[in-house]
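Asks: Next one to model:
(one chain, ligands or ions: 3)
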Amino acid sequence: MPGTCVIGLQWGDEAKGKLVDLMTAEHEIVVRYLGGANAGHTVVTGGAKFKLHHIPSGILNPNVDNVIGPGVVVNPAVILGEIDGLQERGISVSRLKISDRVHLVFPWHIAEDKVTNERLVGGENIGTTLRGIGPCYRDKVGRTTAIRLGDLYREDFPERVERIVAIKQRQLGALDAEAAATLDAGAIVEEYLGHAKRLEPYVCDTTPWLLEAVESGRSILFEGAQGSLLDIDHGTFPFVTSTNSSGVGVAAGAGVPWKAIDRMIGVAKAYTTRVGGGPFPTELTDAMGDRIRELGNEYGTTTGRPRRCGWFDAVAVRYAARLSGVDELALMMLDVVSLLPEVRVCTAYRLDGQTTTDFPSHADDLRRVEPVWEVLSGWKTDITGVRSWEDLPEPARDYVVRIAGWVGRPITRVSVGPDRSQTIDVPLEEVAPAASPSR
Ligand code: GDP
Ligand code: IMO
Ligand code: MG
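Replies: Ligands and ions are numbered 1, 2, ... in the order given. Next comes the predicted model:
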């Protein structure tokens, strides 16, 4: 049962889309299993750029099946926009399957997201993507005001919407009367029935289909979204998303037994970024942070927001790698730090007079940690044209090998640019962690 999973080990945007696209050729099926339009995965090939929110990054390969599993929340208008955009560019979506179990994002979710995001905890906003993700998952767990994709094809759909709109108008109205007044059940029903018609060719119960695929030994690539440090249970709560976005959520979101996953690949940038609020120990709020943002073009794929930038945090990535049972790492965007005079890595935290390599459970403690830095010399060389490990400058190789050591996992791939071709396979003997940190 060969199942490979690609998950982010930081706060999202680790270039998972690029890696999934690259690895699609080795698989028969690509599965997205969580998140929704909050995700923005970029694939660049031969100068053409594709931005995907719901649709798996395997879609550019006509030989694979692409599945959106039950754990995803779908905004029908957004996914139809993605489908249209791909088709206009000559990409077939005929092998796309969307689970009829996915929960749907409705206008009230987006309105609720706006209202609640502005009223958070301790004066800091979560800084959500305002795509209605949290409220949609909240309704899913609450059950009584949730609507799944399969419900669009049932007779009682208009009645359900009317009932829910009446509830939402009262709830939302208490916080934002204007937003509540815009909810029009009749218009929503009409719009969503239109979407239902267009989505119908893709909708099915993906669960038996995937189980059959697993049991017959087809090779499956599971595409993570968000990042492990945004995990609802294991991330920097409450500055997280609403799903188990670390490796622990794969089987639940896809609808496969955990034994279907036998290879876990963790993706990390050669530095760190974060969009939205929350603690970020290695953040650079100075000119160096601005420099990394410009060099890496660190602006959100979904919202266009400038991403917060900082040095590589080996404590955080090691935590995420252990939590998700990561077998190997892909280190992305090495080219971005390649022109800098020096590079830094946080190898431990100082907290209350103690040095630790554990990742604190409380956001307030993470906010208080002081990074213990390892400073390495830069290589000040453009490496975007390098295609082999041997041709990387010695200090760049040293940086990669040492990160593998601090994180405690081998780095098997290094990315030196957005294009598919800008990827270097690392010989295993080079990257086996020399000295894994003590457990
Ligand atoms: P994802 O959400 O994890 O799929 O990542 P995003 O697509 O949101 O962000 C990654 C960005 O970095 C995209 O614009 C990619 O095209 C780009 N990218 C991917 N790999 C590299 C790389 O090695 N170097 C550079 N400079 N950019 C990269
Ligand atoms: P990909 O798949 C980066 C962040 C938001 C916010 C928090 C909660 O492209 O890596 P939400 O809208 O999910 O309720 O927002 O999570 N966030 C992401 N950050 N990349 C993502 O996805 C993200 N998805 C959510 O910025 O801080
Ligand atoms: Mg992204």
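
Asks: Flag the shaky bits of the chain, pLDDT-wise.
Replies: 1, 118-122, 432-439 (pLDDT under 70).

Asks: Contacts for the longest helix anywhere in it, please.
Replies: Secondary structure assigned by DSSP state H gives helix 157-173 as the longest helix of the chain. Outside helix 157-173, the residues within contact range by Cβ atoms under 8 Å, 6 or more residues apart in numbering are 106, 108, 111-112, 115, 145, 147, 151, 179-181, 183-185, 188-189, 192-193. For glycine as for every other residue, the C-beta is placed from the backbone atoms N, C-alpha and C.

Asks: Restricted to buried residues, select these in ChimeraX.
Replies: Buried residues within the contacts of helix 157-173, by 16 or more other Cβ atoms under 10 Å, are selected in ChimeraX with:
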select :106,108,111,112,115,145,147,151,179,180,183,185,188,189,192
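
Asks: Contacts only, for residue 241.
Replies: 35, 38, 128, 133, 134, 226, 230, 231, 232, 235.

Asks: State the pair within these that is farthest apart.
Replies: The largest separation in those, counting by Cβ to Cβ, is between 128 and 231 at 15.2 Å.

Asks: picking that back up, extract the CA atoms of the longest helix of the chain and return them as CSV.
Replies: What follows is helix 157-173, C-alpha atoms only, in CSV (Å, rounded to 0.1, in the frame of the first residue of the first chain):
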residue,chain,number,x,y,z
PHE,A,157,-31.8,21.8,0.5
PRO,A,158,-33.8,25.1,0.2
GLU,A,159,-35.6,24.4,3.5
ARG,A,160,-32.3,23.7,5.3
VAL,A,161,-30.9,27.0,4.0
GLU,A,162,-34.0,28.9,5.1
ARG,A,163,-33.7,27.4,8.6
ILE,A,164,-30.0,28.1,8.9
VAL,A,165,-30.3,31.6,7.6
ALA,A,166,-32.9,32.4,10.2
ILE,A,167,-30.5,31.2,12.9
LYS,A,168,-27.5,32.9,11.5
GLN,A,169,-29.3,36.2,11.1
ARG,A,170,-30.1,36.2,14.8
GLN,A,171,-26.5,35.1,15.9
LEU,A,172,-24.6,37.2,13.4
GLY,A,173,-27.1,40.1,13.9
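
Asks: Three-state assignment for residue 200, please.
Replies: Assigned with DSSP: H, G, I helix; E, B strand; the rest coil, residue 200 falls in the helix class.

Asks: Report how many residues lie close to it.
Replies: With neighbours defined by other Cβ atoms under 10 Å, the count for residue 200 comes to 12.

Asks: Residue 137 - that's part of a strand, no?
Replies: No: Residue 137 is assigned helix when assessed by three-state DSSP, not a strand.

Asks: In this model residue 245 seems to touch it, though I could be wrong.
Replies: No: using Cβ atoms under 8 Å, residue 137 is not in contact with residue 245; the gap is 11.5 Å.

Asks: the strands in the stretch 251-400 of the chain, which residues?
Replies: Chain-ordered strands for the stretch 251-400 of the chain, with DSSP state E, counting those that start in this stretch as the definition, fall at 263-269, 272-274, 308-310, 312-313, 328-332, 342-351, 354-356, 370-377.

Asks: swap that for the stretch 1-150 of the chain, sorry
Replies: Using DSSP E, counting those that start in this stretch, the strands found in the stretch 1-150 of the chain span residues 3-8, 29-32, 41-45, 48-52, 65-68, 73-74, 96-99, 103-104.

Asks: Residue 294: which of the ones you listed is closest?
Replies: Proximity to residue 294 (Cβ to Cβ) singles out strand 41-45 among those, at 17.3 Å.

Asks: Show me how far that closest one is from its chain's centre.
Replies: Its chain's C-alpha centre and that of strand 41-45 lie 14 Å apart, by Cα atoms, centre = their mean, to the nearest Å.

Asks: Stretch 399-418 now?
Replies: Chain-centre distance of stretch 399-418: 19 Å, with Cα atoms, centre = their mean.

Asks: Give me the neighbour count for residue 246.
Replies: The number of residues near residue 246, taken as other Cβ under 10 Å, comes to 29.

Asks: correct me, but it touches residue 231?
Replies: Yes: Residue 246 lies in contact with residue 231 (Cβ under 8 Å); the separation is 4.2 Å.

Asks: what residues are shared contacts of those two?
Replies: residue 323.

Asks: circling back: could you dump the strands of the stretch 251-400 of the chain into CSV and include distance to residue 102?
Replies: Listed next are the strands of the stretch 251-400 of the chain as CSV, based on distance: least, Cβ to Cβ, whole Å:
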stretch, distance to residue 102
strand 263-269, 24
strand 272-274, 27
strand 308-310, 31
strand 312-313, 33
strand 328-332, 28
strand 342-351, 38
strand 354-356, 40
strand 370-377, 40
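
Asks: May I see these arranged in a markdown table, with distance to ligand 1 and mean neighbour count as well?
Replies: Compiled in a markdown table, the strands of the stretch 251-400 of the chain are given as follows (distance: least, Cβ to the nearest ligand atom, whole Å; neighbours: other Cβ atoms under 10 Å):
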| stretch | distance to ligand 1 | mean neighbour count |
| --- | --- | --- |
| strand 263-269 | 7 | 25 |
| strand 272-274 | 9 | 26 |
| strand 308-310 | 12 | 23 |
| strand 312-313 | 14 | 27 |
| strand 328-332 | 5 | 25 |
| strand 342-351 | 15 | 19 |
| strand 354-356 | 28 | 11 |
| strand 370-377 | 19 | 14 |
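
Asks: Go through the ones you listed and name the closest to ligand 2.
Replies: Smallest distance to ligand 2 across the strands of the stretch 251-400 of the chain (Cβ to the nearest ligand atom): 7.1 Å, for strand 272-274.

Asks: is any part of the closest one close to ligand 2?
Replies: No: for strand 272-274 and ligand 2, the contact criterion (Cβ under 6 Å from any ligand atom) is not met; the two come no nearer than 7.1 Å.

Asks: other SSEs contacting that strand?
Replies: Using 3 or more Cβ pairs under 8 Å, 6 or more residues apart in numbering; DSSP states H and E, the elements in contact with strand 272-274 are strand 308-310.
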